[in-house]
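Colleague: Show me the folded form of this:
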Amino acid sequence: MLRLEHISKIYPTGEVLKDINWEVKPGERVGLVGVNGAGKSTQLKIIAGETEPTTGEIIRPSSLHIAYLTQEFEVDPTRTVREEFWTVFTEANQVHQALHHIQHQMQTADPDTLDPLIHKLDRLQRQFEALDGYGLEARIEKILPEMGFDSEDGDRLVSAFSGGWQMRMSLGKILLQAPDLLLLDEPTNHLDLETIEWLETYLKGLTTPMVIVSHDRAFLDRLCTKIVETERGISTTYLGNYSAYLQQKAELQTAQLSAYEQQQKAIEKQQAYIDRFRASATRSTQAKSREKQLEKVERIEAPTGSLRTLKFHFPEAPRSGREVIIVKDLVKTYGDQILFLGANLLLERGDRIAILGPNGAGKSTLLHLLMGMESPDDGSIQLGAHNVIPGYFEQNQAEALDLSKTVLETIHDEVPDWKNEEVRTLLGRFLFSGDTVFKTVAALSGGEKARLALAKMLLRPVNLLILDEPTNHLDIPAKEMLEEALQNYDGSVVIVSHDRYFIGQVANKIVEIRDGELKVYPGDYAYYLEKLAQEKAQVRQAQLAAEKVAKEAAKRAKQQTQKKQAKAKS
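Modeller: Okay, here's the model as predicted:
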């Protein structure tokens, strides 16, 4: 269907892609993975024709229709949902709008102007039919419920919907174009868990082949049939989902490391012989011959697993008391919206809690209440009485950095008594080395800002970490290192995150915001999913039982009515 052959891309700042070779076959869902800056989005743009490769070519049928869902959803907040879907069909949409305009004019037209309007209406209707306008209208009405909208939603403004629903609009617009290949760039960004799961299910039901760039490992695991990794500008293809890719890569690295070490030993042995007999009267010819042979040897590179990546641990802090956070009868409202109504929670030392709930449920508000940034309307929320030292990483922490400061200044200003070497050592652990420490914060990427914000968190020992979406903008290796650091952290943690894989690796308790309460599941994410499935099954059983009782009651009532009617007749 589509094949990339020997693709390279060189920007003025350097070479991003060196030798990219992979393909998409009918029915495949390909996941592109790699660290931030590896060139994943660049590959999507090359496939979409938005960027030209420096060398290499894209082999594809000329008729192949490619649709591209970018990280920014392209919707107009002033349109209705139905109008937004109509924009896909440019010419038919113009005629469609003109028809509505004429029909509106005809309602107030006088007899003198009505006749030409009727002629114009007839011409537009014929043009609309020629463009299969009524067929397109039917397709729009069909896509609305597929994306989760009802008929009334079609007349509501785009601005009335959340980012997750606007993503559904963007996806629906793309699917209306009937693409042969779908490109998705970070489609789960800023979506709540419920919407992510809906998107997974929907995409899995499509037969359209797709290429997905995502740092959401659970999403890649559930959807992808093939993983293409880009490292050092070179692509490697692995069959299967994300878990299969991890296993295959580990096996390849083990084999490559063994081959690399064997070759290094052989090279060292040859080099030792050359160095020893280069000046020998009897063996210099052999030494020179071996030296020429050694120069021709194709060197095996060290496994890519040895690439420098984020390494850190949280500093040790004084031990807190057993009770770390106590929430009693919490009430919090915004206008008519009730977030918490009599909510209770106890966080104990060593708990790593993930707070779950849909967007708008009050997750970030709960963290603000914990930090004293907001006050409850009723009830209480407080830190434990004995030695609790909190540290807070807010969702927009990276954006809160001073853009005018350099990376070095950002850390140095927090710890003015530190020597430059100490600051640079800390920054080196977060992949800021060489001249990069002199870059201004304004010049950093989203991922670099997130790493810098995390580095600031290491400057003060705390025994309670409160983290609001800490993995936003982090690539997969950085997420893995944060997971390892949290697993080894001996304090307590409260996390808000939409990253299911991250939650599964870190949390030992789940707290779901539901109906104004904090429902505690005393286990990890897998335990939570198991209990949730059991609850849904129980609800369904109760519904079936209620339906059965209602049917039996209706049957008895019918029988009694029939008896009464028969008795009356007799």
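Colleague: List the buried residues of stretch 63-76.
Modeller: In terms of neighbour count (16 or more other C-beta atoms under 10 Å), stretch 63-76 has its buried residues at Ile66, Ala67, Tyr68, Leu69, Thr70, Phe73, Val75. Placement of C-beta: from N, CA and C, glycine included.
Colleague: ok so Ile174 is a helix residue?
Modeller: Yes. Ile174 forms part of a helix when assessed by DSSP: H, G, I helix; E, B strand; the rest coil.
Colleague: so what's the nearest residue to it once chain neighbours are set aside up against?
Modeller: Of all residues not flanking Ile174 in the chain, Ala67 sits nearest, at 4.2 Å (C-beta to C-beta, 6 or more residues apart in numbering). The contact partners of Ala67, by C-beta atoms under 8 Å, 6 or more residues apart in numbering, come to Ile174, Leu175, Gln177, Pro179, Leu181, Leu182, Leu183.
Colleague: I'd guess Ala67 is in a helix, am I close?
Modeller: No. Counting by three-state DSSP, Ala67 falls outside a helix, being strand.
Colleague: gap between it and Lys173?
Modeller: Ala67 sits 9 Å away from Lys173, going by C-beta to C-beta, to the nearest Å.
Colleague: same check, this time on Glu15
Modeller: 35 Å.
Colleague: Look at these two and report which has more neighbours.
Modeller: Lys173 (22 against 13; other C-beta atoms under 10 Å).
Colleague: returning to what we had before: state the pLDDT value of the residue nearest to Ile174.
Modeller: Here the pLDDT value assigned to Ala67 is 89.
Colleague: and what of the one 5 residues further on?
Modeller: Note for Glu72: predicted pLDDT of 67.
Colleague: Quick one: residues in contact with the least confident helix or strand in the chain by mean pLDDT.
Modeller: The weakest-scoring helix or strand in the chain, judged by mean pLDDT, DSSP states H and E, is helix 446-457 (a mean of 82). Applying C-beta under 8 Å, 6+ apart, the contact partners of helix 446-457 are 36-37, 310, 312, 314, 391, 393, 397-401, 407, 410-411, 414, 426-427, 429-432, 441, 444, 465, 470, 472-475, 478, 482.
Colleague: what's the closest non-adjacent residue to Ile10?
Modeller: Thr54 is the one closest to Ile10 (C-beta to C-beta, 6+ apart), at 4.7 Å.
Colleague: again with Ile46
Modeller: Here the residue nearest Ile46, using C-beta to C-beta, 6+ apart, is Pro53, at 5.3 Å.
Colleague: Can you name the residues that contact the one you found?
Modeller: Ile7, Ser8, Lys9, Leu17, Ile46.
Colleague: As a markdown table, these with pLDDT would be great.
Modeller: Formatted as a markdown table, those follow (pLDDT from 0 to 100):
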| residue | pLDDT |
| --- | --- |
| Ile7 | 95 |
| Ser8 | 94 |
| Lys9 | 94 |
| Leu17 | 95 |
| Ile46 | 94 |
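Colleague: Can you show me the helices along the stretch 1-150 of the chain?
Modeller: With DSSP state H, counting those that start in this stretch, the ranges of helices along the stretch 1-150 of the chain come out as 40-48, 81-86, 90-108, 111-130, 133-146.
Colleague: want to try JSON lines for those, with mean neighbour count and distance to Leu223 as columns?
Modeller: JSON lines is the format used below for these (neighbours: other C-beta atoms under 10 Å; distance: least, C-beta to C-beta, whole Å):
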{"stretch": "helix 40-48", "mean neighbour count": "21", "distance to Leu223": "16"}
{"stretch": "helix 81-86", "mean neighbour count": "22", "distance to Leu223": "25"}
{"stretch": "helix 90-108", "mean neighbour count": "14", "distance to Leu223": "31"}
{"stretch": "helix 111-130", "mean neighbour count": "13", "distance to Leu223": "38"}
{"stretch": "helix 133-146", "mean neighbour count": "15", "distance to Leu223": "18"}
